[in-house]
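Enquirer: what's the 3D shape of this:
(one chain, ligands or ions: 1)
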Amino acid sequence: MASLFTTSILSASLLIVLIGSFFIEPINAGGFNIVKEQREFDYFKLSLQWPGTVCRNTRHCCASNGCCRGSNSPTEFTIHGLWPDYNDGTWPACCTKSGFDVKEISTLKDALEKYWPSYSCSKASTCSGKKGLFWAHEWEKHGTCSSPVVKDEYSYFITTLNVYFKFNVTEVLYEAGYVPSNSEKYPMGGIISAIQNAFHATPEITCSQGAVEELRLCFYKDFKPRDCAIGLGSSHHNGLSSSKSSCPKYVSLPERVSLALKTGEGAGLRLTQSKAY
Ligand code: 5GP
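Expert: Okay, here's the model as predicted:
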């Protein structure tokens, strides 16, 4: 009797552990590439965008596009997202049906507009298949997978902002002499070393047409920095992403391209080069 009782308790515990280690499978993945059962993530990747590079591709201006704020356009790396990733180079996506609610983050809106801007006029896709804000896309696709560390939408955004402020990549590069320039080229090795020296971890960097586009910092679940490339192939070990847009040996860090709305939303583009620093 006692052994039957013990066996039942053990089986029930095993079932709870198994259920707990996977996320709910989303019904509608909104076109995202979703695996059926999504186990808990291994680490966080904070992905940052360099506006000087991203804004070079701006073709349309509108009020919601961070590239189009004229002299108020971002001059520092801004947040793309906080991504829960797996050590094997893949990642979970759309882990729960917790939809984005802008009211939840109303107190953070000013900071998010400034440090987590969208660089597009198009709406972003969400896990439910609808279109929404860039923040909705990031929360639903990535934020919902960051449990059990980050529990809800507000926590996702405040946590990301705090990590972003604590690990100030723009400042580190600036102090190491890597200042925005349309003429200089900087050695990738030097940029990576500057980040390594500051945070004791190797970042991941992606480029577009020879210019730094994204710089990604990686963290253990307690937000202590770690290398981005643990367990991956050799192409990741020097911080260069193996994706199509991987970086050349010498890269640029383009200055801000100042775009502004002329009169009224969508009325056109005014394009000037301006030194932000
Ligand atoms: P998002 O959809 O959040 O705007 O951008 C995520 C995209 O970044 C992915 O679709 C993928 O193409 C690219 N990406 C490159 N490396 C990673 C990574 O380590 N984790 C995640 N989640 N996305 C990555």
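
Enquirer: Please count neighbours and contacts with C-alpha atoms only from this point.
Expert: OK.

Enquirer: What are the phi and psi values at T160?
Expert: Dihedral pair for T160: phi -60, psi -40, per degrees, to the nearest 10.

Enquirer: what's the neighbour count on the residue nearest to it when sequence neighbours are not counted?
Expert: Spatial nearest neighbour of T160, chain neighbours left out: L82 (6.2 Å); criterion: CA to CA, 6 or more residues apart in numbering. L82 has 26 neighbouring residues, counting by other CA atoms under 10 Å.

Enquirer: what do you get for N72?
Expert: 14.

Enquirer: Identify the residues contacting the residue nearest to T160.
Expert: Neighbouring residues of L82 by CA atoms under 8 Å, 6 or more residues apart in numbering: 44-47, 138, 142-143, 160.

Enquirer: Only the buried residues of the helix or strand hosting S193, if you could.
Expert: Using DSSP states H and E, S193 sits in helix 188-199. Residues of helix 188-199 classed as buried: 188, 191-196, 199 (neighbour count, 16 or more other CA atoms under 10 Å).

Enquirer: I'd like the average pLDDT over stretch 214-227.
Expert: Across stretch 214-227, pLDDT averages out at 98.

Enquirer: Now tell me what touches that stretch from outside.
Expert: Residues contacting stretch 214-227 (CA under 8 Å, 6+ apart): 42-50, 149, 163, 199-207, 228.

Enquirer: Span of it from start to end?
Expert: Terminal residues of stretch 214-227 lie 16 Å apart, using CA to CA, to the nearest Å.

Enquirer: In terms of helix, strand or coil, where does the residue nearest the centre of the chain fall?
Expert: Nearest to the geometric centre of the chain sits G81, at 2.5 Å (CA atoms, centre = their mean). Local secondary structure at G81 is given as strand here, using DSSP: H, G, I helix; E, B strand; the rest coil.

Enquirer: That one touches L112, doesn't it?
Expert: No: between G81 and L112 there is no contact under CA atoms under 8 Å: 11.4 Å.

Enquirer: what about L259, which helix or strand?
Expert: Going by DSSP H and E, L259 is in strand 257-261.

Enquirer: In JSON lines, list the buried residues of helix 188-199 along with pLDDT and distance to T107.
Expert: Listed next are these as JSON lines, based on pLDDT from 0 to 100; distance: CA to CA, whole Å:
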{"residue": "M188", "pLDDT": "97", "distance to T107": "38"}
{"residue": "I191", "pLDDT": "98", "distance to T107": "35"}
{"residue": "I192", "pLDDT": "97", "distance to T107": "35"}
{"residue": "S193", "pLDDT": "98", "distance to T107": "37"}
{"residue": "A194", "pLDDT": "98", "distance to T107": "34"}
{"residue": "I195", "pLDDT": "98", "distance to T107": "31"}
{"residue": "Q196", "pLDDT": "98", "distance to T107": "34"}
{"residue": "F199", "pLDDT": "98", "distance to T107": "30"}
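
Enquirer: what's the farthest-apart pair in those?
Expert: The largest distance within those, taken as CA to CA, falls between M188 and F199 and amounts to 16.7 Å.

Enquirer: still on that earlier bit, which of the contacts of L82 tops the neighbour count?
Expert: G143 leads the contacts of L82 on contacts (other CA under 10 Å) with 30 neighbours.

Enquirer: Now that one. Nearest residue, chain neighbours left out?
Expert: Y156 (6.1 Å).

Enquirer: Does anything pack onto the stretch of helix or strand the one you found belongs to? Which helices or strands?
Expert: If you go by DSSP H and E, Y156 is part of helix 153-166. Applying 3 or more CA pairs under 8 Å, 6 or more residues apart in numbering; DSSP states H and E, one finds that helix 153-166 makes contact with strand 78-85.
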